[in-house]
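Engineer: heads up, no residue letters with this:
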């Protein structure tokens, strides 16, 4: 395992891919992988990229990769599709995405499906991020399809959260509803060559100005891009780096990462507890459920019994 | 507490409301409430009502209440809004909804917000359902705003799941995507007075015919209603009762309820474990997270330490 981690650190794409597969398949070696990675984790800047379907997330991610590469950064991309039932890395998607950057050794791209995974995004993505981080990526982009909860989850994983919108999608109001205004560190109105981009930016600005983020807080910029041509994308990279600097200076980077690590540990602990319930307690859980259905017990008493059995 | 439960069983609305409040507020008396209810639970038929915003869920629920009351059934309504941040029962909503049935002592109506509640819908709704069940409701309608996960959650709570659609909303494809076709026991195309209702039904029928539910399985009917006039609603009630009969004859009712009770017990046990992590382990969790961030430990090892500390 130490060899595999060393190969990944030496920049061998196959070693990186193998480590992510071990993580994604919940291999029994997962703990060993996690332990072997731990000395090498912490330097990558994690950028969450989210937004409703149709705003141009994939194109924007690809354009961001190009802009970051132009600055000589090593880049990882983790594309998470919470609506896809396919597990184990959506290979076709990987290949399609790879086209622009296929021959570039400074880029790792990986698709992940989270639906059906116990704990969803939060269960496997952090481990995959640790792999990309340890493999020497300076920046890792986590792209997720914006459907409700996943947006908030991706913000929980990221140091900087990029929220993408597009003109004329009624996104301003939808965004407010979904609570993504609170989670965005950098807002991007993509498809800026279309009518209404300036209006969307104005609307967004007035809504954001109402959210009180406190004194000395980061003021989220709102940028216009046309990802298909790359127009405005370099400025997005600049703002990401500016946000990173702000996070470091304010101590917020450490706070975010501490909170994230706490959540990750807690989630893993709960998963472990849950598997103990199932492994040793399937028959017991059935018995308890039968007692509740018969009116001889109630769910709380049954739950207490289950916890005490740990 | 036994008195309060007895008053609820005697049909006193205030006692029912008080019990649901205790449940919803996570009162320390929650365990006592749950235990006191247990002998009286199990006779209500739980009907989940779900569908995208705009299909007419509230109107349909109200029309179903009227149709069930016409058959002399006692009816409970639990309206769950997973997008609402307001907890403790949305009182205004209750009052608006109550208008049609305000003077009817055979109907209990209650709104619940689930956002922000630990564990969401699954955490409090089952307890509220137990209250309405014990209070002597023959049928409880659980209405939820159809946003992703909540649809699947409501199906997990229900004996019979009603999926509402409306013509011309592109619902057919959206439904397939969200996986609600698999969870529906009865499909209703509401707003049948509008153009395209028959087409929506046809489209739905062809998609449903492709889902293999196995031999002897229930074949979900697709009904047309105009909830505003009540047109077709009596037939929906008939199909709900037919589905109930099918569930009983096939043994599926018991299987569903056993699975539901297992999930409920497990969820409560995990909540308890989680609160133990926080109560006794907040400082420990911080220390563990610091160790991981410093590269001295990894999330899995930290999680193991946390579990062992239970």
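Structural biologist: All right, it came through fine. Since we're looking at a predicted model, the values are computed, not measured.

Engineer: show me where the stretch 51-200 of chain A has its strands.
Structural biologist: Remark: strands assigned in the stretch 51-200 of chain A by DSSP state E, counting those that start in this stretch are A:75-81, A:107-113, A:139-144, A:160-165, A:186-189.

Engineer: so what's the spatially most central residue of chain A up against?
Structural biologist: Residue closest to the mean C-alpha point of chain A, counted by C-alpha atoms, centre = their mean, is residue A:154 at 3.8 Å. The neighbours of residue A:154, taking C-beta atoms under 8 Å, 6 or more residues apart in numbering or on different chains as the test, are A:48-50, A:80, A:121, A:142, A:144, A:161. C-betas here are computed from N, CA, C, even on glycine.

Engineer: please redo it, this time with the cut-off set to 7 Å
Structural biologist: Contacts for residue A:154 (C-beta atoms under 7 Å, 6 or more residues apart in numbering or on different chains) come out as A:48, A:50, A:121, A:142, A:144.

Engineer: pretty sure the fourth one sits against residue A:78.
Structural biologist: Yes. Residue A:142 sits in contact with residue A:78 when judged by C-beta atoms under 7 Å, with a separation of 4.8 Å.

Engineer: need the overlap of contacts for these two.
Structural biologist: Joint contacts of residue A:142 and residue A:78 (C-beta under 7 Å, 6+ apart) are residue A:125.

Engineer: where does the residue of the stretch 151-300 of chain A found nearest chain B fall, secondary structure wise?
Structural biologist: Residue nearest to chain B within the stretch 151-300 of chain A: residue A:268 (3.6 Å; C-beta to the nearest C-beta). Counting by DSSP states H and E, the element that carries residue A:268 is helix A:252-293.

Engineer: quick one: that helix to chain centroid distance?
Structural biologist: Helix A:252-293 sits 21 Å away from the centroid of its parent chain (C-alpha atoms, centre = their mean, to the nearest Å).

Engineer: so which elements touch the next helix or strand after it?
Structural biologist: Downstream of helix A:252-293, the next assigned helix or strand under DSSP H and E is helix A:299-308. If you count contacts as 3 or more C-beta pairs under 7 Å, 6 or more residues apart in numbering or on different chains; DSSP states H and E, helix A:299-308 packs onto helix A:252-293, helix B:30-37, helix B:252-293.

Engineer: please name whichever of the ones you listed is nearest to residue A:5.
Structural biologist: Among those, helix B:252-293 comes nearest to residue A:5, with 16.5 Å by C-beta to C-beta.

Engineer: so which elements touch that closest one?
Structural biologist: Contacts defined by 3+ C-beta pairs under 7 Å, 6+ apart place helix B:252-293 against helix A:252-293, helix A:299-308, helix B:121-134, helix B:149-157, helix B:299-308.

Engineer: and if we set it to 8 Å?
Structural biologist: Helix B:252-293 sits against helix A:252-293, helix A:299-308, helix B:121-134, helix B:149-157, helix B:233-250, helix B:299-308, with contacts defined as 3 or more C-beta pairs under 8 Å, 6 or more residues apart in numbering or on different chains; DSSP states H and E.

Engineer: what's in contact with stretch A:256-269?
Structural biologist: By C-beta under 8 Å, 6+ apart, stretch A:256-269 touches A:42, A:119, A:122-123, A:126, A:156-157, A:159, A:247, B:274, B:277, B:285-286, B:288-290, B:292-293, B:299-300, B:302-304, B:306-307.

Engineer: ok, now with 6 Å
Structural biologist: With contact meaning C-beta atoms under 6 Å, 6 or more residues apart in numbering or on different chains, stretch A:256-269 is reached by A:119, A:122, A:126, B:277, B:285, B:288-289, B:292-293, B:299-300, B:302-303, B:306-307.

Engineer: next to chain B, which bits of chain A? Give me the list.
Structural biologist: Residues of chain A lying near chain B by C-beta under 6 Å from any C-beta of the partner chain: A:31, A:34-35, A:38-39, A:147-148, A:257-258, A:261-262, A:264-266, A:268-270, A:272-273, A:277, A:285, A:288-289, A:292-293, A:295, A:298-300, A:302-303, A:306-307.

Engineer: among these, which ones are buried?
Structural biologist: Among these, the ones that count as buried by 16 or more other C-beta atoms under 10 Å in any protein chain shown are A:31, A:34-35, A:38, A:147-148, A:257-258, A:261-262, A:264-266, A:268-270, A:272-273, A:277, A:285, A:288-289, A:292-293, A:298-300, A:302-303, A:306-307.

Engineer: circling back to that earlier point, quick check: angle from the helix holding residue A:268 to helix A:121-134?
Structural biologist: Relative orientation of helix A:252-293 and helix A:121-134, computed by axes from the mean of the first three to the mean of the last three C-alpha atoms, to 10 degrees: 150 degrees.

Engineer: quick one: low-confidence parts of chain A?
Structural biologist: A:81-103, A:113-123, A:145-152, A:169-179, A:212, A:279-282 (pLDDT under 70).

Engineer: how is it partitioned into domains?
Structural biologist: Per automatic domain parsing, the domain ranges recorded for chain A read A:42-250, A:263-308.

Engineer: may I see the buried residues of stretch A:196-203?
Structural biologist: Counting neighbours by 16+ other C-beta under 10 Å, stretch A:196-203 gives A:197, A:200-201, A:203 as buried.

Engineer: can you list the residues you listed in JSON lines and add distance to residue B:191?
Structural biologist: Shown next, in JSON lines, are these (distance: C-beta to C-beta, whole Å):
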{"residue": "A:197", "distance to residue B:191": "35"}
{"residue": "A:200", "distance to residue B:191": "31"}
{"residue": "A:201", "distance to residue B:191": "36"}
{"residue": "A:203", "distance to residue B:191": "31"}
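
Engineer: from these, which land in helices?
Structural biologist: A:197, A:200-201, A:203 (DSSP state H).

Engineer: nearest to residue B:213, of the helices and strands packed on helix A:299-308?
Structural biologist: Per C-beta to C-beta, nearest to residue B:213 of the helices and strands packed on helix A:299-308: helix B:252-293, 11.1 Å.
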